[in-house]
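[1] Sequence first, then the predicted structure:
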Amino acid sequence: MNPNKMLAGQRVVIVGGTSGIGLATAHLAIAQGAKVVVASRKAERLKSAKAELGPNAEALRLDATNPKDAAAFFKKVGKFHHLTVLVPAADDPRVQKKLGPLAGMDLSAAHRVMENKFWTSVTCAQAALPYLARKGSITLCSGVSPRKALPGYWASTSAIAALEGLFRVLAVELAPIRVNCVGPGIIATPILTALPPRRLKAWDKLTKRQPVGRMGTAEEVAQAMVYCMTNGFTTGALIEIDGGYKFT
């Protein structure tokens with residue numbers, strides 16, 4: 001065991017670990033000595049991530065919206081130390097196109113956002129508990145939209161606010177397992193390419209007004225994710241990696 005690698009000898013499960021922030025977190029956890037399991041619904045992403053991450057990674061299919069699938073997944077994984085859940089609110093362009101102001105919006109899209117962003121974390125946390133180390137950790141991924149009211153973003157804002165309420169209660173309820181949450185701002189990840197032009201234009205304006213003046217990177221958020229795994233005195237913490245978004 002290498003004492004300079006803070007996750008040496010530990011196993012990390014990353015739900016949504018095949019692209020963007022999740023993939024960057026997997027790379028960093030492996031660099032810190034961990035064995036990593038990345039999970040996704042999409043077979044092509046699993047294959048690509050496994051090839052990129054190398055021999056210290058497993059890539060397993062998981063539909064995190066399905067409790068039975070989640071239970072079978074964690075049974076297959078077995079004992080591990082850290083869980084990270086990074087499922088986007090809407091990774092399907094068809095859902096993204098339906099999102100907007102409350103008046104006239106197709107509410108099925110809002111249900112999908114809540115299922116993806118909030119219920120996947122509930123489902124995975126519950127299914128993982130029998131296998132998660134007693135002094136392990138759970139790190140959830142929220143966002144910054146509850147810090148600034150933006151018209152048209154009520155669905156994702158509501159889901160993220162629910163998620164941030166969840167992790168605080170779990171930090172007490174599941175102790176000594178540590179539960180934290182990372183709140184990324186506007187991050188340059190592949191999912192941005194699927195956003196409608198009007199949303200990309202809005203993000204561009206926002207990032208230019210931020211104190212940092214740019215989008216964040218997946219690697220910068222991954223640093224916070226791994227910090228939550230490795231710092232044994234941090235629980236119930238919301239770590240905002242947002243470039244000063246709330247000050248715009």
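    Ah, there it is. Numbers count the residues shown, from 1 in each chain.
[2] Leaving out sequence neighbours, find the closest residue to the most centrally placed residue in the chain.
    Residue closest to the average C-alpha location in the chain (Cα atoms, centre = their mean): Leu86, at 1.9 Å. Closest residue to Leu86 apart from its sequence neighbours, by Cβ to Cβ, 6 or more residues apart in numbering: Gly16 at 3.9 Å. Where C-beta positions appear, they are placed from N, C-alpha and C, glycine not excepted.
[3] Go ahead and confirm the one you found touches Gly22.
    Yes: the pair Gly16 / Gly22 is scored as a contact, 4.3 Å apart, by Cβ atoms under 8 Å.
[4] right, and the helix or strand after the helix-or-strand element of the chain with minimal mean pLDDT?
    Ranking every helix and strand in the chain by mean pLDDT, DSSP states H and E puts helix 93-96 at the bottom, with a mean of 64. Sequence order places helix 107-114 as the next helix or strand after helix 93-96, per DSSP states H and E.
[5] Looking at that following helix now, give me its mean pLDDT.
    In this model, helix 107-114 has an average pLDDT of 85.
[6] Poorly predicted segments of this protein, please.
    Flagging of the chain using pLDDT under 70 yields the residue ranges 1-3, 89-100, 192-196.
[7] which residue ranges form the strands in it?
    11-15, 35-40, 57-61, 80-85, 132-141, 178-184, 187-188, 216-217, 238-241 (DSSP state E).
[8] Now find how far off-centre the second one is within its chain.
    Right, strand 35-40. 13 Å (Cα atoms, centre = their mean, to the nearest Å).
[9] same thing with the first one?
    For strand 11-15, the distance between its averaged C-alpha position and the chain's averaged C-alpha position is 11 Å (Cα atoms, centre = their mean).
[10] angle of that strand against strand 35-40?
    10 degrees (axes from the mean of the first three to the mean of the last three Cα atoms, to 10 degrees).
[11] any idea of the angle strand 11-15 forms with strand 57-61?
    Going by the same axes, to 10 degrees, strand 11-15 makes 40 degrees with strand 57-61.
[12] Could you list the residues in contact with strand 11-15?
    Identification of contacts with strand 11-15 by Cβ atoms under 8 Å, 6 or more residues apart in numbering yields 22, 25-26, 29, 34-39, 62, 64, 74, 77, 79-87, 120, 124, 128, 229.
[13] now the residues you listed: which count as buried?
    Buried by 16 or more other Cβ atoms under 10 Å: 22, 25-26, 29, 34-39, 62, 64, 74, 77, 80-87, 120, 124, 128, 229, out of the contacts of strand 11-15.
[14] where does the residue nearest to Leu86 sit relative to Cys141, distance-wise?
    8 Å (Cβ to Cβ, to the nearest Å).
[15] any residues in contact with both of those two?
    Jointly contacting Gly16 and Cys141 under the rule Cβ under 8 Å, 6+ apart are Val85, Leu86, Val87.
[16] Please identify which of these is nearest to Leu174.
    Of all those, Val85 has the smallest distance to Leu174: 13.9 Å, by Cβ to Cβ.
[17] Specify the beta-bridge partners of the closest one.
    With DSSP bridges as the criterion, Val85 is bridged to Val15, Leu140.
[18] quick one, what contacts it?
    Val15, Gly16, Ala64, Thr120, Ser121, Cys124, Ala125, Ile138, Thr139, Leu140, Cys141.
[19] residues shared between the contacts of Gly16 and Gly22?
    With Cβ under 8 Å, 6+ apart, Gly16 and Gly22 have common neighbours Leu86.
[20] returning to that earlier point: got a markdown table for the contacts of Val85, with distance to Ala103 too?
    Output for the contacts of Val85, formatted as a markdown table (distance: Cβ to Cβ, whole Å):
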| residue | distance to Ala103 |
| --- | --- |
| Val15 | 34 |
| Gly16 | 31 |
| Ala64 | 31 |
| Thr120 | 28 |
| Ser121 | 29 |
| Cys124 | 34 |
| Ala125 | 34 |
| Ile138 | 37 |
| Thr139 | 36 |
| Leu140 | 31 |
| Cys141 | 30 |
